[in-house]
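> sequence plus predicted model, see below.
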Amino acid sequence: MSSTTQLLRFITAGSVDDGKSTLIGRLLHDSKSIFEDQFSAISKTSAKRGMATVDFSLLTDGLQAEREQGITIDVAYRYFATPRRKFIIGDTPGHEQYTRNMVTAASTANLVVILVDARKGVLVQTRRHTYLASLVGIPHIVLAVNKMDMVDYSQARFSEICAEYLKFAAQLGLTDITCIPLSALVGDMLVERGDNLDWYQGTTLMNLLENIVIDYDVNTTDFRYPVQWVCRPQTEEYHDFRGFMGRIEAGEIAVGDEITVLPSGRTSRVKEIVTYDGKLQRAYAPQSVALTLEDEIDISRGDMFVSGGVAPKVAKEFEAMLCWLSETPLDQNRKYLIKHTTRTAKCLFSGIAYRVDVNTLEQHAAATLNMNDIARVAMKVQQPLVFDSYTTDRATGSFIVIDEATNNTVAAGMIA
């Protein structure tokens, strides 16, 4: 397998008992991505429980408490690969009280598989997870209508569920949606097509995961490069080297291109692009590189190089959608720390516009935020931030909030 094989991050979401963990377990088994001893262990556990078939959900519900309750509590990550692509799977909880866990996992995902029980159809939890997926900007959505074996593989039932879901998704502005009927228990339409869904002419889930195009999930036109570290090697060979290290979060850059350093507004040109493997003439997101400039400019960690396309905003005040992660409620009378790209600064919450009911999508007034709450807030920061809207660039439009007393991450935000 090539070291440059593309990586796809995806999560599963859905109501309790929709079969998320079973789907992932079956996907891993049918793609031959688990070891014999793992399969033997879950087979023995399934037999002890008196089950007639292997319980593939045991591959992902790794915590003992989850197994005892039969639910997924925390996000369980699994890694596997095929000749076409590498995968990171996040199995997210279905319960409302674990909203923060899903938001955390979804923030880096390219794709979400939303499971629906064919017997129950689109539920409140289905709408909630779809809203959260749209909130964190997941580009690709798969509606997996599971347990088709429980409704005699009815094409009419599948079409009914898809129509209802697509109508709701359109209200959120979601367009890239693929509907797939399947049975995680039997294995139909996961890796192999099976014998029971001949009427469905679409792709299997694995084939979609291997071939879906994710090259344009990042902003390819606006160059964004937050400076992480100023590199001065202090060696005889590199005594004059002054490079600015970081990861390209969007766009591309080439030797000779003009860049602007924000927030100062100074300009220069790229002299060299340096990596551990040598020098490059051009680099792209999400490569980590060191850039040297033709001019001596005062640059430090937290500054951002930008070029071309639409310029980002530079401001000390902005509005954002916020997911509160902490058990301690938000206190608008105290200061917090905000970490945005590579810059950390003190911040204040200047107001809460509304809190979103994630089940009904209704907006309510709020004086504070509790754990798992999602709200639109206004913020003020001590130092200017260089940012884009989250819909334009997930990397430069997102941030976390830190309690400076405990150093705990208390919130995650998406700039409006």
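That came through fine. What you are looking at is a predicted structure, and each value in this text was computed from that prediction instead of being measured.
> contacts, neighbours, all on C-alpha from now
Noted.
> residue 223 contacts residue 308, doesn't it?
Yes - the criterion here is Cα atoms under 8 Å, and residue 223 meets it with residue 308 at 6.5 Å.
> which of the two has more residues huddled nearby?
The neighbour count for residue 223 versus residue 308, taken as other Cα atoms under 10 Å, is higher for residue 223 (24 against 16).
> please confirm that residue 412 is located within a helix.
No - if the criterion is DSSP: H, G, I helix; E, B strand; the rest coil, then residue 412 is strand and not within a helix.
> residues near the residue nearest to it when sequence neighbours are not counted, how many?
Nearest residue to residue 412 in three dimensions, chain neighbours excluded: residue 400, at 4.4 Å (Cα to Cα, 6 or more residues apart in numbering). Look at residue 400: counted by other Cα under 10 Å, it has 20 neighbours.
> and the contacts of stretch 361-375?
With Cα atoms under 8 Å, 6 or more residues apart in numbering as the test, stretch 361-375 has contacts from 97-100, 128, 131, 321-332, 352-358.
> of these, select the buried ones using a PyMOL command.
Buried residues within the contacts of stretch 361-375, by 16 or more other Cα atoms under 10 Å, are selected in PyMOL with:
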select buried, resi 98+99+100+128+131+321+322+323+324+325+326+330+352+353+354+355+356+358
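> the contacts of stretch 361-375 in helices, which ones?
Among the contacts of stretch 361-375, the members falling in helices (DSSP state H) are 99, 100, 128, 131.
> what residues are up against the residue nearest to residue 412?
Contact partners of residue 400, counting by Cα under 8 Å, 6+ apart, are 338, 339, 340, 409, 410, 411, 412, 413.
> then residue 107?
Counting by Cα under 8 Å, 6+ apart, residue 107 makes contact with 136, 137, 138.
> check residue 336 too.
Counting by Cα under 8 Å, 6+ apart, residue 336 touches 346, 347, 348, 401, 402, 403, 404.
> ok, then the element right after the helix ranked longest in the chain?
Ranked by number of residues, the top helix in the chain under DSSP H is helix 155-171. Next helix or strand after helix 155-171 toward the C-terminus (DSSP states H and E): strand 177-181.
> show residues contacting that following strand.
With Cα under 8 Å, 6+ apart, strand 177-181 has contacts from 140-146, 148, 158, 162, 166, 189, 197, 200, 202-205.
> in helices, which of those appear?
Those of the contacts of strand 177-181 lying in helices (DSSP H): 158, 162, 166, 205.
> rewinding a little: could you dump the contacts of residue 336 into CSV with pLDDT and neighbour count added?
Output for these, formatted as CSV (pLDDT from 0 to 100; neighbours: other Cα atoms under 10 Å):
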residue, pLDDT, neighbour count
346, 97, 16
347, 97, 21
348, 97, 19
401, 97, 25
402, 96, 23
403, 96, 16
404, 93, 13
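> out of those residues, which comes closest to residue 9?
Lowest distance from residue 9 to those (Cα to Cα) belongs to residue 401, with 24.0 Å.
> so the closest one touches residue 335, yeah?
No - if you go by Cα under 8 Å, residue 401 and residue 335 don't touch, sitting 10.2 Å apart.
> mind checking the SS state of the closest residue to residue 258 other than its chain neighbours?
What sits nearest to residue 258 in space, not counting adjacent residues and going by Cα to Cα, 6+ apart, is residue 269, at 4.3 Å. What three-state DSSP gives for residue 269 is strand.
> from residue 229, how far out is residue 269?
19 Å (Cα to Cα, to the nearest Å).
> ranges for the strands of the stretch 1-150 of the chain?
With strands called from DSSP state E, counting those that start in this stretch, the stretch 1-150 of the chain shows them at 7-14, 76-81, 86-91, 111-117, 140-146.
> and if you look at the stretch 201-350 of the chain?
In the stretch 201-350 of the chain, the segments counted as strands under DSSP E, counting those that start in this stretch are 223-226, 229-231, 243-247, 252-254, 258-262, 266-275, 278-280, 282-284, 288-293, 304-307, 313-324, 336-340, 343-356.
> and these, which is most packed in?
For those, the largest average neighbour count (mean count of other Cα atoms under 10 Å) is found in strand 223-226, namely a mean of 28.
> which residues does that strand contact?
Residues contacting strand 223-226 (Cα under 8 Å, 6+ apart): 246-253, 301-309, 341-342, 396.
> again, but for stretch 205-217
By Cα under 8 Å, 6+ apart, stretch 205-217 touches 8, 27, 84, 85, 110, 139, 180, 189, 190, 191.
> just stretch 242-250 next, same as before
218-233, 284-293, 393, 395-396.
> out of the strands of the stretch 1-150 of the chain, which comes closest to residue 278?
strand 7-14 (23.5 Å).
> now the end-to-end length of stretch 251-265.
19 Å.
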